[in-house]
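**Student:** need the 3D shape of this:
(one chain, ligands or ions: 3)
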Amino acid sequence: MTGRVKILRFDPERDAAPKWREYEYPYEPGMTVLDVVNYVYRHLDGTLSFSYSCRNSHCGLCSACVDGRPVLMCREPARPEMAVEPLRNVPVVRDLQVDLDAYTRREDSLRTFLERVMERGQGPEQVDMEAFAAFRVASRCVRCLNCVSRCPVYPADPHGYAGPAMLVRLARHLFDPRDGLNRELVACDEGLYECTGCGACSTVCPHDLDPSGVIAGMKVKAARAGLLPAAVSDLAATLPQAGSAFPVPRGRTTFLQDTPEVVRARGETRGTVGLFVGCLINTHPRLRRVAESAVQVLSAAGWEVVIPSGQVCCGLPLQEVGLGERATSLVRKNRDAFAGLGLDAVVTICSGCGHTAKTFWPTSGGTLPFRIYDFSEFLAQSLDGAARDLIGGVAGLSSVTYHDPCTLSRGQGVREEPRRLLRLVPGLELREMAEPDRCCGGGGEVPLTNPALAEAMISHKAGMVGDTGAQAVVTACPTCMRQFAGALQKKRLPIEVLHVADVLARSLERR
Ligand code: SF4
Ligand code: SF4
Ligand code: FES
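**Tutor:** Ligands and ions are numbered 1, 2, ... in the order given. Just a heads-up that it's a prediction; the model follows:
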């Protein structure tokens, strides 16, 4: 069978800009992308420039983007039709070959070798298994830079932020108890707290090193060493007692204060769900509308909604800066608030809270006595028959684009459900943007610790939203909503920012 491969070619001495060239090759199942590129070089075009060595996933030299995804070409199966281009976020020397000089110089300046402080005659040293396991993971990095190619922070601040590969390299020594340097301080200087925790890097690491998880572990060590950024230290000190990461604006009340603890189902009752509101939606004068929409939709779909007034912050702001251990009292209060109510499910309307509740709460106090669902996840599987018939068109809204919050798409694996719900609305067109799951810059408390970086990231994303020509951007996270509202206003783009629950609530109003 004849395969077709498009390769992005660039010769800096002759070309003003990169251009795609297409080649035909004899496709056979079992071929790797590197086999195809080698075929093109040997039989069709000897000027093609690329690099490789081991052909066995160890040297990290053969990285490239295939159909937009960074991979090692030597282990990526070839497809009959595919597009190959150089890694993104790294300077290109020629064709698929990237320039690693600047990266290597920066890495060398960090003294990425074991700094041992030993007296003469001292040793041998013992390393406990926990520490060994932590730095062994980081030791397996092959410096392929796939993670850097995928990271949304790195291109927004390439001189400040070292990027996931370099941080993993530092982790190799930070987690090694024999090392004598203050690697936590070095990591902070290299932008540790600029990482939003979006998890994109972990989806492309060929050796499954979970760079995002490694970086989260480094934040724990940095926080224990007292290196928390000043911008979050007040929040970290007061949150466990206050129970909310956001103050209530003067003269306002919260959603929880204004809403009865039980809202009956409209019509026949299918069951009872708990609603976890989250402190941003609870306190924000405009975002509390999201909770009102969710209650309206769940009740119309036949669910009695219980909204315990004892619920507090989920603990995410502490956990994402490395202070998860300070969030145990918050987790306990939330467990107590929802336990023993005979709930069929607990539904969250903030994807950050939902991700924290699903992944962090069970590690801080054991298995949960209830199941947690994101709003879209729950509705997409329970919205059937008569409830589905309630959905009508939304006046004045004919096109939307959907932004995947990191904590919902990569965090909870929920991508299709919100789209499925939006497609149920008659007359509403869903227009996909260029990179719907690229981080908006709202995670990791970056809007607090580095507002300029968070703004640069959301500005880039708001441009993608504008390019779709949609009337509204829909998402499932109040932090993303707040980010979008500010950026779209700055760009003077008249685009509404809505939660999935808002769209569905409006669609019910027509019925
Ligand atoms: S988690 Fe996101 S921001 Fe952090 S290093 Fe990975 S890709 Fe970059
Ligand atoms: S962490 Fe993984 S993706 Fe990043 S450079 Fe190392 S091996 Fe490659
Ligand atoms: S050729 Fe070494 S990793 Fe692919």
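
**Student:** show me the domain layout of this structure.
**Tutor:** The chain breaks down into these domains under automatic domain parsing: 2-98, 101-117+126-224, 255-509.

**Student:** out of the ones you listed, which gets nearest to A236?
**Tutor:** domain 255-509 (5.4 Å; Cβ to Cβ). (Glycine included, C-beta is placed from N, CA and C.)

**Student:** skipping its backbone neighbours, what lies nearest the residue of the stretch 201-350 of the chain found nearest ligand 1 in space?
**Tutor:** Nearest residue of the stretch 201-350 of the chain to ligand 1 (Cβ to the nearest ligand atom) works out as C201 at 3.2 Å. Spatially, and ignoring its direct neighbours in sequence, C201 is nearest to C147 (3.6 Å; Cβ to Cβ, 6 or more residues apart in numbering).

**Student:** quick check: mean pLDDT across whichever strand or helix holds that neighbour?
**Tutor:** Using DSSP states H and E, C147 sits within helix 146-150. Here helix 146-150 scores 98 as its mean pLDDT.

**Student:** does any bit of it sit next to ligand 3?
**Tutor:** No. Helix 146-150 stays clear of ligand 3 (Cβ under 6 Å from any ligand atom), getting no nearer than 10.4 Å.

**Student:** tell me the helices and strands packed up against that helix.
**Tutor:** Counting contacts by 3 or more Cβ pairs under 8 Å, 6 or more residues apart in numbering; DSSP states H and E, helix 146-150 packs against strand 63-66, strand 69-72, helix 164-174.

**Student:** swap the cut-off to 10 Å and go again
**Tutor:** Packing contacts for helix 146-150, counted by 3 or more Cβ pairs under 10 Å, 6 or more residues apart in numbering; DSSP states H and E, involve strand 63-66, strand 69-72, helix 164-174, helix 211-224.

**Student:** next, format the domains of the chain as CSV and append mean neighbour count and distance to ligand 2.
**Tutor:** Listed next are the domains of the chain as CSV, based on neighbours: other Cβ atoms under 10 Å; distance: least, Cβ to the nearest ligand atom, whole Å:
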stretch, mean neighbour count, distance to ligand 2
domain 2-98, 17, 6
domain 101-117+126-224, 19, 3
domain 255-509, 20, 15
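
**Student:** would R136 count as being in a strand?
**Tutor:** No. Assigned with DSSP: H, G, I helix; E, B strand; the rest coil, R136 falls outside any strand and is helix.

**Student:** now do the contacts for it.
**Tutor:** V127, M129, R172, F175, D176 (Cβ atoms under 10 Å, 6 or more residues apart in numbering).

**Student:** just those residues now: which is nearest ligand 3?
**Tutor:** R172 (18.9 Å).

**Student:** tell me how far the closest one lies from E107.
**Tutor:** For R172, the distance to E107 (Cβ to Cβ, to the nearest Å) stands at 11 Å.

**Student:** also S398?
**Tutor:** With Cβ to Cβ as the criterion, S398 and E107 are 51 Å apart.

**Student:** related to what we said a few turns ago, of the contacts of R136, which pair is most distant in space?
**Tutor:** Once Cβ to Cβ is applied, these give M129 and R172 as the farthest pair, at 16.7 Å.

**Student:** and the next element down the chain from the least confident helix or strand in the chain by mean pLDDT?
**Tutor:** Scoring the helices and strands of the chain by mean pLDDT, DSSP states H and E places helix 385-389 at the bottom, with a mean of 69. For helix 385-389, the succeeding helix or strand toward the C-terminus, using DSSP H and E, is strand 399-402.

**Student:** quick check, pLDDT for T203.
**Tutor:** T203 is assigned 98 on the pLDDT scale.

**Student:** repeat for the one 3 residues further on
**Tutor:** At P206, the model reports a pLDDT of 97.

**Student:** list the contacts of it.
**Tutor:** 57, 60, 63, 70-72, 74-76, 142, 144, 146-147.

**Student:** one more time with 6 Å
**Tutor:** The contact partners of P206, taken as Cβ atoms under 6 Å, 6 or more residues apart in numbering, are L72.

**Student:** circling back: mind putting the helices and strands packed on helix 146-150 in CSV, mean pLDDT included?
**Tutor:** Formatted as CSV, those follow (pLDDT from 0 to 100):
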stretch, mean pLDDT
strand 63-66, 98
strand 69-72, 98
helix 164-174, 95
helix 211-224, 97
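
**Student:** between the ones you listed, which gets nearest to A83?
**Tutor:** Nearest to A83 among the helices and strands packed on helix 146-150 is strand 63-66; the distance by Cβ to Cβ comes to 7.2 Å.

**Student:** using CSV, list the CA coordinates for the closest one.
**Tutor:** Output of strand 63-66 as CSV, limited to C-alpha atoms (Å, rounded to 0.1, in the frame of the first residue of the first chain):
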residue,chain,number,x,y,z
SER,A,63,11.8,13.6,18.8
ALA,A,64,9.4,15.3,16.4
CYS,A,65,5.7,16.2,16.2
VAL,A,66,3.6,13.7,14.4
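
**Student:** can you give the distance of it from its chain's centre?
**Tutor:** Strand 63-66 sits 21 Å away from the centroid of its parent chain (Cα atoms, centre = their mean, to the nearest Å).

**Student:** ok, and what's touching stretch 236-245?
**Tutor:** Contacts of stretch 236-245 (Cβ under 6 Å, 6+ apart): C279, V312, C313, P317, L323, R326, S329.
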